[in-house]
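**Student:** here is the input, now give the coordinates:
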Amino acid sequence: MSDLKEYKCPACGGSVEFDSHSQKMKCPYCDTEFELDTLKAYDEQLEKEAEQKDDISGWQTDAGSEWQEGETEGMNVYTCKSCGGEIIAHENTGASNCPFCGNPVIMTEKFSGALRPDLVIPFKLDKKAAKEAYYKHIKGKKLLPKVFRKENHIDEIKGVYVPFWLFDADVDANARYKATKVRVWSDSDYDYTETSYYSVERAGNMAFAAVPVDGSSSMADDLMESIEPFKLKDAVDFQTAYLSGYLADKYDVTSEETVQRAHERMKRSAEEVLADTVKGYATVTPENTNVKVSGGAAKYALYPVWILNTTWKDKKYIFAMNGQTGKMTGDLPIDNGTYVKWLAGLTAVFSVIAYLAVWLIY
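**Tutor:** Numbers count the residues shown, from 1 in each chain. I've put the predicted structure just below:
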């Protein structure tokens, strides 16, 4: 068994949760609100009082049975402090809810020592906002099957603190491009076109800060990157109280395993910055780029994400919403009949344009 942490309301004794609207701890039973520091001090006092217990280590009981060998592999078993129920969670789960009484619980050992995050961005948006963002996301999609909106149903909406590694590094980049400029003129006899070719070089030093890379193997990297950016200005020092009422994972992909993806993101950004400085040419073609990443440091942070699981025609669809900004993303099915009509219409438009171009020339 592992230790759980619950935050109790000093007024009524109920389990309190972090409220995204007030940015305070709030009791869902009596609606009392508390500052995090105040509740933390109260919680520490309760822990001191709880240490004064009788020694019952000599007692024996035959109630219940032991887990068999291999049954608990890949999971942890906890005992809820509120109702005594048994909570079974994946070994990477850091915060959850008791399946019996529903109280939020935090697996403190998942965030101790080297596992303790440096920063956390608290949830700014609640479950209602996530649901509204989902319906807005699927509205107006012309290629989406019409019955999808009616038949697709949300199986689950959960707020999850996803582990991220935030990388800092310096980048030295240089690139060479082949570019052209075109000059066109006419006289009474001929039309002239002159194409001039240039070799364009660009170089620069850049500093990247807090480039995020998903540290959970259960979360798709491209899904997490598609709901960026997260605003680091809202990040605060980590406290377990922020996790109360939400799910949370600890990282299972180390900073060493994710640093290469961070470097690739920095390199692509550096290349885009250099390319954006090449202006005033008719065409620009990259011929060679060289990007060197040096130095670097990594911080461990938890970012807020709403995950929505839906089902349509026995197929699962996953949507993610940034719990700070509200940016929503997710894959959607395509109506093949509508897509063929849309593609045919697009082809017809291009054919008319090509015909008019030819008619104008000749």
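
**Student:** give the helix, strand or coil label for Thr329.
**Tutor:** Applying DSSP: H, G, I helix; E, B strand; the rest coil to Thr329 yields a three-state assignment of strand.

**Student:** so it bridges to which residues?
**Tutor:** Ala320 (DSSP bridges).

**Student:** so who does it touch?
**Tutor:** 137, 223, 226-227, 319-321 (CB atoms under 8 Å, 6 or more residues apart in numbering). All C-beta spots, glycine's among them, are computed from the backbone N, C-alpha and C.

**Student:** what helix or strand is the closest residue to Tyr300 other than its chain neighbours on?
**Tutor:** Distance criterion CB to CB, 6 or more residues apart in numbering; nearest residue to Tyr300, sequence neighbours excluded, is Pro117 at 4.8 Å. Counting by DSSP states H and E, no helix or strand carries Pro117.

**Student:** ok, how many other residues are close to Pro117?
**Tutor:** A count of neighbours around Pro117, defined by other CB atoms under 10 Å, yields 26.

**Student:** any idea how far it is from Thr108?
**Tutor:** Separation of Pro117 from Thr108 (CB to CB, to the nearest Å) stands at 13 Å.

**Student:** still on that earlier bit, ok, the residue nearest to Tyr300 touching Ala95?
**Tutor:** No - if you go by CB atoms under 8 Å, Pro117 and Ala95 don't touch, sitting 11.9 Å apart.

**Student:** find the helix or strand that Ala262 is a member of.
**Tutor:** Ala262 belongs to helix 255-275 when assigned by DSSP H and E.

**Student:** so what touches that helix?
**Tutor:** So helix 255-275 is contacted by 165, 167, 169, 171, 173-175, 177, 202-204, 206, 208, 211, 213-215, 221, 284, 286, 289, 291, 293, 296, 298, 300 (CB under 8 Å, 6+ apart).

**Student:** just stretch 171-179 next, same as before
**Tutor:** By CB under 8 Å, 6+ apart, stretch 171-179 touches 197-208, 266-267, 270-271, 273-275, 278, 281-294.

**Student:** mind listing which of those are in strands?
**Tutor:** 197-208, 283-294 (DSSP state E).

**Student:** filter the residues you listed down to the buried ones.
**Tutor:** Burial by neighbour count, 16 or more other CB atoms under 10 Å: within the ones in strands among the contacts of stretch 171-179 this picks out 200, 202, 206, 208, 289, 291, 293.
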